[in-house]
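Novice: Any chance you can model this:
(one chain, ligands or ions: 2)
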Amino acid sequence: MGLIFAKLWSLFCNQEHKVIIVGLDNAGKTTILYQFLMNEVVHTSPTIGSNVEEIVVKNTHFLMWDIGGQESLRSSWNTYYSNTEFIILVVDSIDRERLAITKEELYRMLAHEDLRKAAVLIFANKQDMKGCMTAAEISKYLTLSSIKDHPWHIQSCCALTGEGLCQGLEWMTSRIGVR
Ligand SMILES: Nc1nc2c(ncn2[C@@H]2O[C@H](COP(=O)(O)OP(=O)(O)OP(=O)(O)O)[C@@H](O)[C@H]2O)c(=O)[nH]1
Ligand SMILES: [Mg+2]
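Specialist: Ligands and ions are numbered 1, 2, ... in the order given. Predicted coordinates:
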């Protein structure tokens with residue numbers, strides 16, 4: 001009985017949680033993924049298709065799909081949606097002009113049937129850039145407080161230094177088991 005319980009427990013603990021990392025091109029998605037994996041900044045080029053890595057945080061296993069954000073690739077984001085537990089939406093906080101497009105993409109995702117149970121972590125990235133928008137400004141513009149049917153959290157970060165990334169992951173781990 002004890003052995004069965006232990007096996008079940010280890011299965012439960014090692015269960016993989018699917019995450020998709022989305023956002024417009026140049027937002028910093030791939031930089032964030034490899035900061036999570038290696039704690040360092042890698043040289044990136046625009047992602048065509050996707051990168052996938054397993055990230056383990058305190059015994060919690062996340063399978064993270066970093067998806068290319070160029071305009072021509074966005075229509076195929078939905079092919080990654082099934083079984084997604086977390087959406088990480090990366091925003092380039094200096095890119096004021098394209099925040100409206102991010103907003104459109106966010107609400108399109110939230111309305112998708114395959115993502116109805118997903119929680120959303122928004123990274124307000126590139127906080128090192130002078131004149132960037134704060135997380136509060138981005139939150140207001142994206143009208144995050146109107147989102148009632150998905151748990152969400154916004155976190156400011158800088159993928160180059162890693163600042164703020166752990167706090168984002170902590171929010172995700174805190175959500176596991178809540179639903
Ligand atoms: N200043 C600054 N630059 C950053 C930050 N995060 C990423 N970058 C830079 O932004 C550029 C784009 O980063 P990527 O991680 O390749 O962007 P992406 O979102 O994966 O882009 P796509 O693959 O085209 O969708 C790179 O030159 C990064 O070094 C940050 O926090 N601050
Ligand atoms: Mg990329």
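
Novice: CA only for contacts and neighbour counts going forward, please
Specialist: Fine.

Novice: Go through the strand or helix carrying residue 53 and flag the buried ones.
Specialist: Applying DSSP states H and E as the criterion places residue 53 in strand 50-57. Neighbour-count burial for strand 50-57 flags 50, 51, 54, 55 (criterion: 16 or more other CA atoms under 10 Å).

Novice: can I get the residues you listed in TSV with pLDDT and distance to ligand 1?
Specialist: Below are those laid out as TSV (pLDDT from 0 to 100; distance: CA to the nearest ligand atom, whole Å):
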residue	pLDDT	distance to ligand 1
50	97	8
51	97	9
54	97	17
55	97	17
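
Novice: Thought residue 125 was touching residue 93, still the case?
Specialist: Yes - the criterion here is CA atoms under 8 Å, and residue 93 meets it with residue 125 at 5.7 Å.

Novice: if you count what's nearby, which of the two comes out ahead?
Specialist: Taking other CA atoms under 10 Å, residue 93 and residue 125 do not tie; residue 125 has more neighbours (30 against 26).

Novice: And stretch 147-160, end to end?
Specialist: The first and last residues of stretch 147-160 sit 29 Å apart, counting by CA to CA, to the nearest Å.
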